[in-house]
Structure formats: structure tokens, C-alpha cells
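**Student:** model this:
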Amino acid sequence: MQHLFGMVNASGSLSAKCQAANSASAASAVPAVGGAEVPAPGPWDCLMAATAEQYVESPLFFLQSRFDHFQLGSELALPCMVRQSYTPPWKVAICSAAEVRGLKAYAADLRAELSRVVRAPAARRGLYLSSCIILGQTSVNAWTQTKIARVTLQQAWRAWYGGLANESSGKWVEDCPGGLPCNPNVLACAPYTYIASITSISIENS
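**Tutor:** So this is what the prediction gives:
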């Protein structure tokens, strides 16, 4: 993202306030939420959602999975996620213990980056954070069948956009045991299996 900022001359299209607050001499860069790498600060940070969000004055509704399929395969490069297809018919994806640790760490970091959104007033920031291995969540099967606390994504969006007349918190966050994918929507969430030990295989259907 540092290289992209200069390559496309992004300074003219990003928030001036954000860039001023994230100068090369700033004290902090993209929030360090557990990763070993902390890049040098600079206005390029304003390309990162976790930084840019702070300078968006309009209300925002965040639709996100803790386990974005593309990011797990193409950015984190987990082989078991690279092998799994984005849409049905699903393939058999067996994750090693190391890959499972990667899944959990990624989800924890993402959750930490969204902490400001979780704390923000609902009228300013809505959030639907599922524990589903998925690329995007706007297909019919994801939009109408994925549920958090019995509320579909479609229902959550309508409640938030309509002003939360039903006194909802405006935040739907799915927490799963062990920090692993657990949403049961088999129509949209990619399944996986993982090797729990040398002698046994444990199955997790997200």
C-alpha cells in the first residue's frame, strides 16, 4: 500500500485531515493489533480502512466476515484456503494445525481493528461481523440465509438503515468457540476440516 500510494498519486483523493494526522513523523501507523510487522507511518496509511474510517463523517454500515476467503488465500496464503473454491460445489479443504493458527490469528487481528467501530454509536457505525469463510456477503444465499443471533444480514441492514426503531444495538457480532469459523450457513460459508492431532481429524463446518 505504501508503493500504491505513490504510484497512483493517491494524495489528491484521500482525506486531507487523515494525511495530516498520519505524516511521516506521526507517532503511530496502522494499528498494531498483534502482528509482528509495524510499517513506518505516513499518509499512505489513509488507504487502509482501519485508518480511513476515522475520518469518514457519513454514517457507515460495515459488512465483514472475520474469515474473508480471498484474504485468507491470497494475502495470508493459507494453502487449505487456496484449494477451497469460493462458491459451491465445495472442495475438501484440510487445514493443518499451523493453518488453523493462522485462521485464528487473522480473525483476532481483524476483530481488534474493528474495535473502534464496535464502540462507535450505532447511528454513526453499524456492523455485521460473521464468522463465515466467504468472499463477499451480498449473494442471495449470504444476504438472506446467514444469521447472527437469528438475524439475517438483510434484516440487520434494514434495521440499521431505518434508524434502529426496534432499539437494536446496530452491531451484530458472531463470536465462536475457539475463535474459528462456525456460521452454519452451508449455502454460502465454505466448509473446512482440520487436523487436530496426529491420530484424529476434527471437522468444522462454517
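**Student:** list the contacts of the one helix or strand residue 159 maps to.
**Tutor:** Residue 159 is part of helix 153-161, with elements assigned from DSSP states H and E. If you take Cβ atoms under 8 Å, 6 or more residues apart in numbering as the criterion, helix 153-161 is touched by 61, 63, 122, 126, 128, 130, 137, 142-144, 146, 148, 151, 165-166, 168, 170, 172. From N, CA and C alone the C-beta is placed, and that goes for glycine too.
**Student:** out of those residues, which sit inside strands?
**Tutor:** Secondary structure assignment by DSSP state E places 61, 63, 126, 128, 130, 148, 151, 172 of the contacts of helix 153-161 in strands.
**Student:** give me the buried subset of those residues.
**Tutor:** For the ones in strands among the contacts of helix 153-161, a burial check counting by 16 or more other Cβ atoms under 10 Å picks out 63, 126, 128, 130, 148, 172.
**Student:** doesn't residue 66 belong to a strand?
**Tutor:** Yes: under the criterion used here (DSSP: H, G, I helix; E, B strand; the rest coil), residue 66 sits inside a strand.
**Student:** would you mind measuring from it to residue 137?
**Tutor:** 12 Å (Cβ to Cβ, to the nearest Å).
**Student:** what touches both of these two?
**Tutor:** Residues touching both residue 66 and residue 137 (Cβ under 8 Å, 6+ apart): residue 130.
**Student:** any chance you could map the strands in this structure?
**Tutor:** For the chain, the strands identified by DSSP E occupy 60-68, 94-95, 125-134, 147-148, 151-152, 171-173, 192-195, 201-204, in order along the chain.
**Student:** need those in JSON lines (columns: distance to residue 107 and mean pLDDT).
**Tutor:** Putting these into JSON lines (distance: least, Cβ to Cβ, whole Å; pLDDT from 0 to 100) gives the following:
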{"stretch": "strand 60-68", "distance to residue 107": "4", "mean pLDDT": "95"}
{"stretch": "strand 94-95", "distance to residue 107": "13", "mean pLDDT": "94"}
{"stretch": "strand 125-134", "distance to residue 107": "7", "mean pLDDT": "96"}
{"stretch": "strand 147-148", "distance to residue 107": "15", "mean pLDDT": "96"}
{"stretch": "strand 151-152", "distance to residue 107": "20", "mean pLDDT": "96"}
{"stretch": "strand 171-173", "distance to residue 107": "12", "mean pLDDT": "94"}
{"stretch": "strand 192-195", "distance to residue 107": "13", "mean pLDDT": "87"}
{"stretch": "strand 201-204", "distance to residue 107": "13", "mean pLDDT": "42"}
